[in-house]
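# Fold the stuff below for me.
(2 chains)
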Amino acid sequence: QSVLTQPPSVSEAPRQRVTISCSGSSSNIGNNAVNWYQQLPGEAPKLLIYYDDLLPSGVSDRFSGSKSGTSASLAISGLQSEDEADYYCSAWDDSLDGLLFGGGTRLTVL
Amino acid sequence: QVQLVESGGGVVQPGRSLRLSCAASGFTFSSHPMHWVRQAPGKGLGWVAVVSYDGFNKYYADSVKGRFTISRDNSKNTLYLQVNSLRVEDTAVYFCAREGAVGATRKIDSWGQGTLVTVSS
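Predicted coordinates for the structure are as follows:
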């Protein structure tokens, strides 16, 4: 059971917008940067959002991140079939002195 | 370009040991903290350990503390993970991963393709 809580799955139609939530606590999300990763089937993860809401070079601006208190969200607009993947949030935890990953959310584009 | 190539995985009996290696190239290895992250078959990502850029500071997940040791050789651009007292539940793909050098974001900006460790009798 992950300390960062994500919904196991979400689904939405092409061209629509979906959000994925990530809930934590004051020792992790509440006090540290949240990063998001995309893992396509059979591939290594890829950095999607860092420092809560920043996009790495080369990542589509259809992806966006936000944070409020001890929760964070990833939004994907203009959904495309190639967005079907597993998405993970991550943050350092000051109490555990360790890096946390959420349990992951599988996105299905209907 | 950044390359991280893991090796050393395989099939091993419970209680035995392995040493995983990660050869890094395409960047200044000694400037970046480095992580090991694992993924059990069909499961999510699980953080294992991190070592600071100079090798002095190390942190571990509770599930591996006392059994796994992360280390690095900056002269060889190589990251290591010594895994001892292996358990069936340690079966996973082990990814070597680079943390961004700037800022306190703990972002992992590059990943290797992983090496599979299977613990089975």
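# Quick check: the residue nearest the centre of chain B vs chain A, distance?
With distances taken as Cα atoms, centre = their mean, the residue of chain B nearest its centroid is B:Trp36 (2.6 Å). Between B:Trp36 and chain A the computed distance is 10 Å (Cβ to the nearest Cβ, to the nearest Å). C-beta here means a position set from N, CA and C on the backbone, and glycine is covered the same way.
# Dump the C-alpha coordinates for stretch B:105-121 into PDB.
Taking Å, rounded to 0.1, in the frame of the first residue of the first chain, the C-alpha atoms of stretch B:105-121 are listed here in PDB:
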ATOM      1  CA  THR B 105      13.100  18.500  -6.700                       C
ATOM      2  CA  ARG B 106      14.200  14.800  -6.500                       C
ATOM      3  CA  LYS B 107      13.200  14.500 -10.100                       C
ATOM      4  CA  ILE B 108      14.400  11.400 -11.900                       C
ATOM      5  CA  ASP B 109      15.200  12.600 -15.400                       C
ATOM      6  CA  SER B 110      16.800   9.500 -16.900                       C
ATOM      7  CA  TRP B 111      16.100   5.800 -16.600                       C
ATOM      8  CA  GLY B 112      17.900   2.700 -17.800                       C
ATOM      9  CA  GLN B 113      16.000  -0.200 -19.400                       C
ATOM     10  CA  GLY B 114      16.300  -2.300 -16.300                       C
ATOM     11  CA  THR B 115      17.700  -5.700 -15.300                       C
ATOM     12  CA  LEU B 116      15.400  -8.500 -14.200                       C
ATOM     13  CA  VAL B 117      16.100 -10.300 -10.900                       C
ATOM     14  CA  THR B 118      14.100 -13.400 -10.200                       C
ATOM     15  CA  VAL B 119      14.300 -15.000  -6.800                       C
ATOM     16  CA  SER B 120      13.100 -18.600  -6.900                       C
ATOM     17  CA  SER B 121      14.000 -21.900  -5.500                       C
END
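# thinking again about what came up before, any idea how far the residue nearest to the centre of chain B is from B:Ala49?
Distance, B:Trp36 to B:Ala49, using Cβ to Cβ, to the nearest Å: 5 Å.
# Now B:Val83: phi and psi?
The phi and psi torsions at B:Val83 (degrees, to the nearest 10) take the values phi -120, psi 120.
# Can you tell me how far it is from chain A?
For B:Val83 relative to chain A (Cβ to the nearest Cβ), the value is 17 Å.
# I'd say that residue and B:Leu20 touch.
Yes: counting by Cβ atoms under 8 Å, B:Val83 touches B:Leu20, with 6.7 Å between them.
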